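Colleague: have a look at this fold, sequence not included:
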């Protein structure tokens, strides 16, 4: 993807956030008897955000640069994030030790393509060490 | 309290066995973190922050500061042996350090780096000791308008040097201000941007954002590649790590140049150790009798940037401790740590917490000695850290991040936020949005809004109060000038050169 195109879309998203901030802040008191209200500061940074986002979008449309963003490895990063999200979802039902072991197994076995036994051993060992160090030794409550 | 008495009190605190131990743990962890490419001091400090809630604050700040300056020492190892900087501040060390290693002088390069780091670290500590107390006394005269202006100037400086696009850096900072505004407004008890979630009424915990953006974001970025670089062999034995007398003679000006340049650049918000190391390297090359040999493996090409990036640490702590204004991501995390422990960094901090301040200063002296002792003989051992497989390292980082966040709040909602901010941190990297302005916006957002609103209360709503007082007018003018730099072609080219180097 061209960097300019990415700038346009990120500018659009941040512009939307700016508009949302202004719309929300508009509902709160701007200036009261005691001075500025809760809406005062957000209105101004919301306006700044919307304005700068617009500037970014305009400059991206006008940009003649052909710089591209290398997304070739992004699939691995997004897959790891998706695995993390699944592990977080599992925390409530399976607890930390099982969720963390599953995530570690995925990273070792799938992302780094190590033999399954290496993945399994790393996952079990890592989860056990975490449990021993945090839950048993330090008394930290695990999710 | 004068400096000598303060320092004596500081050594009494830092020399307590528990604090010596935590200082050692901090510099050891810092060295390891500095050695590992892809795991920086802000991420490590943020991850360990929740664990420090159980510690005595003096021990905790001594350990976290040890990680900060210890990482600067460790960063040189991968630069020299791998041509891969452990952190951005060590990039300049690669130029001559790696070339020395290729010529079979890895030991001398590592030794020069350790000695330069020790000298500069000590200069940085002396600088804090001499400059922080008078600066804090001067800042006592500041009121809300001056604080607002000072924070605005600090943010502007960070935005100036954070990335190639100032628009993106500003947007990143504004997102940080917005995140800081989420929760209940303390003036009016109005809930803002909470999306109807009870969990957001008390705001978003800084720890969640910092760990997400730095630690998880870094892991995701590192997950893009699967290959690891191959390290050059490290000479065994202390004798092989000692630089020759000629190396030290060649580097003597570089030690001084790097120490002073690094310290003064560290005091400026936003510039940071990366820029300090490049300026120092450039200066060393400019005054050298053999500039044409730079980049081929000259010891002063290692000494100058290494000294600069270590002295910067001392300089960067000054505005954080005395004004409550962090100048970098790491000092922002340290500032947040102090706030979370119940302290208020600013002009009164030294007077109200002399044991903590002087204990920190004294621990940095001790820590620098520990680092010299650790780094010279143990470099071969530290280099083994590089052999840790990525597939073991990254799950461990994720695990520590999750446990750290959950232990702070006991809320699974925060763990979800952690994952979300991790994704945000990764996407920001891909789209070239700098993360430092976001973190600083988040840290300073609440104080910035409070100072602005208090200023306007003082003036019955008139913004003229911000420009009618000389100090705030001067600082706001400087902030405006800083933000206008991209409009001046030549100045902007200099800015871009500084960033791209």
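Modeller: Here it is on my side, so go on. For clarity, every value in this text was computed on a predicted model and none was experimentally measured.

Colleague: who's in contact with the residue in chain A positioned nearest to chain B?
Modeller: Per Cβ to the nearest Cβ, residue A:73 is where chain A lies closest to chain B, at 2.8 Å. To be clear about C-beta, it is placed using only N, CA and C from the backbone, and glycine gets the same treatment. Residues in contact with residue A:73 (Cβ atoms under 8 Å, 6 or more residues apart in numbering or on different chains) are B:223-225.

Colleague: these two touch, right, residue B:105 and residue B:297?
Modeller: Yes: with contact defined as Cβ atoms under 8 Å, residue B:105 and residue B:297 form a contacting pair (6.8 Å).

Colleague: ok, which of the contacts of residue A:73 also contact chain A?
Modeller: Among the contacts of residue A:73, the ones lying near chain A by Cβ under 8 Å from any Cβ of the partner chain are B:223-225.

Colleague: need the contacts of residue A:73 in JSON lines (columns: neighbour count).
Modeller: Listed next are these as JSON lines, based on neighbours: other Cβ atoms under 10 Å in any protein chain shown:
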{"residue": "B:223", "neighbour count": "25"}
{"residue": "B:224", "neighbour count": "19"}
{"residue": "B:225", "neighbour count": "14"}
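
Colleague: which one among those gets closest to chain A?
Modeller: residue B:224 (2.8 Å).

Colleague: could I get the buried residue list for the helix or strand harbouring residue A:57?
Modeller: Element membership for residue A:57 (DSSP states H and E) is helix A:40-62. Neighbour-count burial for helix A:40-62, counted by 16 or more other Cβ atoms under 10 Å in any protein chain shown, picks out A:40-46, A:48-50, A:52-53, A:56-57, A:60.

Colleague: A strand includes residue B:281, no?
Modeller: No: counting by DSSP: H, G, I helix; E, B strand; the rest coil, residue B:281 is located in no strand; its state is helix.

Colleague: buried stuff in stretch B:93-109?
Modeller: Buried residues in stretch B:93-109, counted by 16+ other Cβ under 10 Å: B:93-101, B:105-109.

Colleague: make CSV from these and add secondary structure, pLDDT and distance to residue B:48 to it.
Modeller: Shown next, in CSV, are the buried residues of stretch B:93-109 (DSSP: H, G, I helix; E, B strand; the rest coil; pLDDT from 0 to 100; distance: Cβ to Cβ, whole Å):
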residue, secondary structure, pLDDT, distance to residue B:48
B:93, helix, 84, 26
B:94, helix, 81, 28
B:95, helix, 82, 32
B:96, helix, 88, 33
B:97, helix, 87, 29
B:98, helix, 83, 31
B:99, helix, 85, 35
B:100, helix, 87, 34
B:101, helix, 82, 31
B:105, coil, 83, 36
B:106, helix, 80, 31
B:107, helix, 80, 32
B:108, helix, 85, 34
B:109, helix, 87, 30
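
Colleague: quick one: which of those is nearest to chain A?
Modeller: For the buried residues of stretch B:93-109, the nearest to chain A is residue B:94 (21.7 Å; Cβ to the nearest Cβ).

Colleague: any figure for the gap between the closest residue to the closest one other than its chain neighbours and residue B:26?
Modeller: Once flanking residues are discounted, residue B:94 sits nearest to residue B:79: 4.5 Å by Cβ to Cβ, 6 or more residues apart in numbering or on different chains. With the distance defined as Cβ to Cβ, to the nearest Å, residue B:79 ends up 22 Å from residue B:26.

Colleague: kindly report the same for residue B:62.
Modeller: Residue B:62 sits 6 Å away from residue B:26, going by Cβ to Cβ.

Colleague: quick check: neighbours shared by the two?
Modeller: By Cβ under 8 Å, 6+ apart, residue B:62 and residue B:26 have these common neighbours: residue B:367.

Colleague: the residue nearest to residue B:94: how many residues sit nearby?
Modeller: 32 (other Cβ atoms under 10 Å in any protein chain shown).

Colleague: got phi/psi on it?
Modeller: The phi/psi pair for residue B:79 (degrees, to the nearest 10) reads phi -60, psi -40.

Colleague: and the helix or strand that contains residue B:158, what does it pack onto?
Modeller: Per DSSP H and E, residue B:158 falls inside helix B:144-162. Contacts defined by 3 or more Cβ pairs under 8 Å, 6 or more residues apart in numbering or on different chains; DSSP states H and E place helix B:144-162 against helix B:166-181, helix B:436-458, helix B:465-468, helix B:470-484, helix B:489-500.

Colleague: do a quick rundown of the strands in the chain.
Modeller: The chain I'm using is chain A. A:31-32, A:35-36 (DSSP state E).

Colleague: nope, chain B please
Modeller: For chain B, strands defined by DSSP E occupy the ranges B:183-184, B:191-192.

Colleague: tell me which of the ones you listed sits nearest to residue B:359.
Modeller: Of all the strands of chain B, strand B:183-184 sits nearest to residue B:359, with 32.9 Å by Cβ to Cβ.

Colleague: partner strands of that closest one, parallel or antiparallel?
Modeller: Strand pairing for strand B:183-184, using DSSP bridges, gives strand B:191-192 (antiparallel).

Colleague: contact residues of the stretch 251-400 of chain B facing chain A?
Modeller: Residues of the stretch 251-400 of chain B lying close to chain A (Cβ under 8 Å from any Cβ) are B:389-392, B:394-396, B:398-399.

Colleague: how many neighbours does the closest residue to residue B:364 other than its chain neighbours have?
Modeller: Excluding the flanking residues, the one nearest residue B:364 by Cβ to Cβ, 6+ apart is residue B:125, at 4.5 Å. Per other Cβ under 10 Å, the neighbour tally for residue B:125 reads 26.

Colleague: do you know how far residue B:125 is from residue B:280?
Modeller: Residue B:125 sits 18 Å away from residue B:280, going by Cβ to Cβ.
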